[in-house]
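Engineer: Can you look at this prediction? I've put the sequence above it.
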Amino acid sequence: MKKSWKILTLLLIFLLVGCAGSKNAEEPVEVPMRPPLLEESKSADSGTTLVSSSAQGETTERLVVKRADMRVSVADPAEAMHTVMQLAENMQGYVVNSNQWNSTNNGQTYIYASVMVRVPAERLDEIMQKVRELAADPKTGVLSESVTGEDVTAEYVDSQARLRNLQAAEAQLVELLDQAPDLQYTLDIFRELTEIRSQIEVLEGRIKYLEESAALSALSVEFVAEASLQPLQIGPWKPAGVAKDAIQTLVKVAQDVGTALIKFVIIWVPFLLPIGLIVYFVRKGAKKRKAAREAQPAQVQISDTPKD
C-alpha cells in the first residue's frame, strides 16, 4: 500500500512540473535585473564623504577626555590611598586599580601606595583639591601634578556620521531581500549585511567609549612616605668622641668576658670538680692495676730459675 502511494506521488510531481514547463514556454517570464541599490549600498560606507553635525546646522558640544596625575608625600600612604578610594565612590565614581608596596631608602623600609580612580569630569578639580589637602606639608607636599586633555570631538562626530551611513545602507539591503531574483543574490545580500552589521557594532562601541571617557575623568595618584624624603644626616667627625667610644666598647667587652668567667666558676666548677676527681682516681687506679699485672709475670719467672 505504501509503495503504491509513493508511485502516485511521483506521478503527480511529474505532471505539475510538465504543466509549469509548458506554461513558462508559452509566457516568458521577465527576470528582474540586480537592483542597483546593492552597489550603491556597498559604496555608501567606503566612498561617501561624511558630513559633520555642524554642516547640518546642529551644535556639537566639545568632547574632551581629561586625565590627571599627582605625586604627593604623606605621613601614611596606605591611609591616604583608602581616603582617595572613598572620595571617588562618594563622587559617583569608581576605583580602577590600587597598589601598595614596601621600598628601602637610606637603610629604612617605607610604605608606598598608588591608586587610579575615575570621577565625573565636572568633579575632577574637586577631588584633586582633596588630594592636595592630604599632603603632609601644604607647601611642598605635592611633588608633581599634571592635567592633560584630549579633544575627541572630531572623531566622535566622524564616527556618528559613519554610523548613520552604515545604518542607512543596512536598511536598504534589508529592503533588497524582497527583490532578490535568485539564491546567489540573496547570499550576497546576507554577506553584505553581516559585514555592515560588524562595522556598526564596532562604531557603536567606539562612540560609547568616547562618551564614557569624556564623562568620567581619570585621576592617578602616587603617595610617598614623607620620612623617605628626609635627607641623610651626617654630623661632623670627632676623633676624641670616637676614641672615647672605642675605650668604652673595650671596657664593656672586658667586663662581659670577666662576667662570663665568674659565672662559669661559680655555676659550673661545683659540678665539674667532683666529676673531675672521680675521673682522676679511676684512671689512677687503672694505672696501678695495670702496673701490678705487668710486674707479676716477672716475679714468677725469677722464682722458677734453678739455683747453682
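Structural biologist: Received it, and whenever you're ready, just let me know what you need.
Engineer: now the helices for this protein?
Structural biologist: Taking DSSP state H, the helices of the chain run over residues 2-26, 37-46, 77-90, 124-133, 153-176, 183-215, 239-303.
Engineer: wait, which of those helices is closest to residue 227?
Structural biologist: Checking those against residue 227 by CB to CB gives helix 77-90 as the closest, at 10.5 Å. C-beta coordinates here come from the backbone N, C-alpha and C atoms, glycine included.
Engineer: counting contacts, what elements does the closest one pack onto?
Structural biologist: With contacts defined as 3 or more CB pairs under 8 Å, 6 or more residues apart in numbering; DSSP states H and E, helix 77-90 has these neighbours: strand 94-105, strand 108-120, helix 124-133, strand 216-225.
Engineer: now it against strand 94-105, angle please.
Structural biologist: Counting by axes from the mean of the first three to the mean of the last three CA atoms, to 10 degrees, helix 77-90 lies at 170 degrees to strand 94-105.
Engineer: Give the rounded mean pLDDT of helix 77-90.
Structural biologist: Throughout helix 77-90, pLDDT has a mean value of 96.
Engineer: Can you tell me what sits against it?
Structural biologist: 72, 74, 94-95, 98, 100, 111-115, 117-119, 127, 130-131, 134, 219, 221, 223-225 (CB atoms under 8 Å, 6 or more residues apart in numbering).
Engineer: Regarding stretch 67-81, how distant is the last residue from the first?
Structural biologist: Using CA to CA, to the nearest Å, the end-to-end distance of stretch 67-81 comes to 18 Å.
Engineer: What residues of that stretch count as buried?
Structural biologist: 67-68, 70-74, 76-77, 80-81 (16 or more other CB atoms under 10 Å).
Engineer: re the thing from before, okay, the helices and strands packed on helix 77-90, which one's buried deepest?
Structural biologist: Sort these by mean neighbour count, taking mean count of other CB atoms under 10 Å, and strand 216-225 sits at the top with a mean of 22.
Engineer: on contacts alone, who are the packing partners of that one?
Structural biologist: Using 3+ CB pairs under 8 Å, 6+ apart, strand 216-225 is in contact with strand 64-74, helix 77-90, strand 108-120, helix 124-133.
Engineer: Next, the angle from the last one to strand 64-74.
Structural biologist: Taking the same axes, to 10 degrees, one finds that helix 124-133 is oriented at 10 degrees with respect to strand 64-74.
Engineer: My guess is residue 189 contacts residue 177. True?
Structural biologist: Yes: here residue 189 lies in contact with residue 177, judged by CB atoms under 8 Å, at a distance of 5.8 Å.
Engineer: Pick out whichever of these two has more residues nearby.
Structural biologist: Per other CB atoms under 10 Å, whichever of residue 189 and residue 177 has more neighbours is residue 189, with 20 against 12.
Engineer: got the contact list for residue 115?
Structural biologist: Contacts of residue 115 by CB under 8 Å, 6+ apart are 81, 84-85, 95, 97-99, 220-221, 223.
Engineer: Look up how far residue 101 lies from it.
Structural biologist: Computed as CB to CB, to the nearest Å, the residue 115 to residue 101 distance reads 13 Å.
Engineer: Mind listing what's buried along stretch 131-146?
Structural biologist: 131, 134-136, 141-142.
Engineer: Show residues contacting it.
Structural biologist: 68-75, 80, 83-84, 128, 219, 221, 223-224, 226.
Engineer: the domain parsing of this structure - what is it?
Structural biologist: Following automatic domain parsing, the chain resolves into domains at 64-152+219-229, 154-214.
Engineer: And the longest one, how far out from the chain middle?
Structural biologist: Per CA atoms, centre = their mean, to the nearest Å, the displacement of domain 64-152+219-229 from the mean C-alpha position of its chain is 18 Å.
Engineer: Tell me where the model's unsure across the stretch 1-150 of the chain.
Structural biologist: By pLDDT under 70, the low-scoring segments of the stretch 1-150 of the chain are 1-60, 106.
Engineer: do the stretch 201-308 of the chain as well
Structural biologist: In the stretch 201-308 of the chain, residues with pLDDT under 70: 230-238, 240-241, 296-308.
Engineer: For residue 105, which residues count as its bridge partners?
Structural biologist: Using DSSP bridges, the bridge partners assigned to residue 105 are residue 108.
Engineer: Tell me how far it lies from residue 221.
Structural biologist: For residue 105, the distance to residue 221 equals 20 Å [CB to CB].
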